[in-house]
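S.K.: no letters, just coordinates:
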């Protein structure tokens, strides 16, 4: 049975690295909000790209709707989906569960954090210099203002990329729970 894994967290925490690692275990297809926008759109987002201005909210809403549509299409084709996105709104996380319900499959949330502020600042600065990331430390801090917390019962795991010494082993443990789920397991 196909499934959706949402790799969720704020800018710079390592979501994309985790998503890529997961695909090595399950042949999943990564749907990234960064990837769904063009490189130019990502790099030209205004400094306040994560603010709640109507224009920016509309851009983000369109991007998530595209992700949901593609995810459902892939699930219906029997493909596993790895959704790599901030998912700051609980409603967006709930939409993944609704897709799972409509397609008779499972969805799981892995929350990714970086508990070391200095490592996080360094990552964001490096990625911005390499033109791989539009976000900076200010954006990450801004996300904290409106990020709707992920409840414990929503997620299957938390990964702290600042302290986790063997990420591949941790990911393998998490994915093994998903690939061979108990029959009565609910989506989380």
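M.R.: Sure, I can see it. Bear in mind the structure is a predicted one, so any value in this text is a computation, not a measurement.

S.K.: okay, now the closest residue to residue 121 other than its chain neighbours: neighbour count?
M.R.: With C-beta to C-beta, 6 or more residues apart in numbering as the criterion, residue 121 has its nearest non-adjacent residue at 5.1 Å, and that residue is residue 137. Placement of C-beta: from N, CA and C, glycine included. Residue 137 has 17 neighbouring residues, counting by other C-beta atoms under 10 Å.

S.K.: quick one, phi/psi of residue 137?
M.R.: Main-chain torsions, residue 137, degrees, to the nearest 10: phi -60, psi -40.

S.K.: pLDDT score for it?
M.R.: For residue 137, the pLDDT comes out at 81.

S.K.: check contacts around it.
M.R.: 120-121, 124-125 (C-beta atoms under 8 Å, 6 or more residues apart in numbering).

S.K.: how about residue 178?
M.R.: By C-beta under 8 Å, 6+ apart, the neighbours of residue 178 are 3, 5, 26, 106, 108, 156.

S.K.: 6 Å instead?
M.R.: Shown in contact with residue 178 (C-beta atoms under 6 Å, 6 or more residues apart in numbering): residue 108.

S.K.: before we move on, the earlier item: residue 125 versus the residue nearest to residue 121, what's the distance?
M.R.: 8 Å (C-beta to C-beta, to the nearest Å).

S.K.: residue 176 too?
M.R.: 35 Å.

S.K.: okay, buried residues for stretch 109-120 please.
M.R.: If you call a residue buried by 16 or more other C-beta atoms under 10 Å, then stretch 109-120 has these buried ones: 109-114, 119-120.

S.K.: make JSON lines out of the residues you listed and add secondary structure.
M.R.: Converted to JSON lines, the buried residues of stretch 109-120 look like this (DSSP: H, G, I helix; E, B strand; the rest coil):
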{"residue": "109", "secondary structure": "strand"}
{"residue": "110", "secondary structure": "strand"}
{"residue": "111", "secondary structure": "strand"}
{"residue": "112", "secondary structure": "strand"}
{"residue": "113", "secondary structure": "strand"}
{"residue": "114", "secondary structure": "coil"}
{"residue": "119", "secondary structure": "helix"}
{"residue": "120", "secondary structure": "helix"}
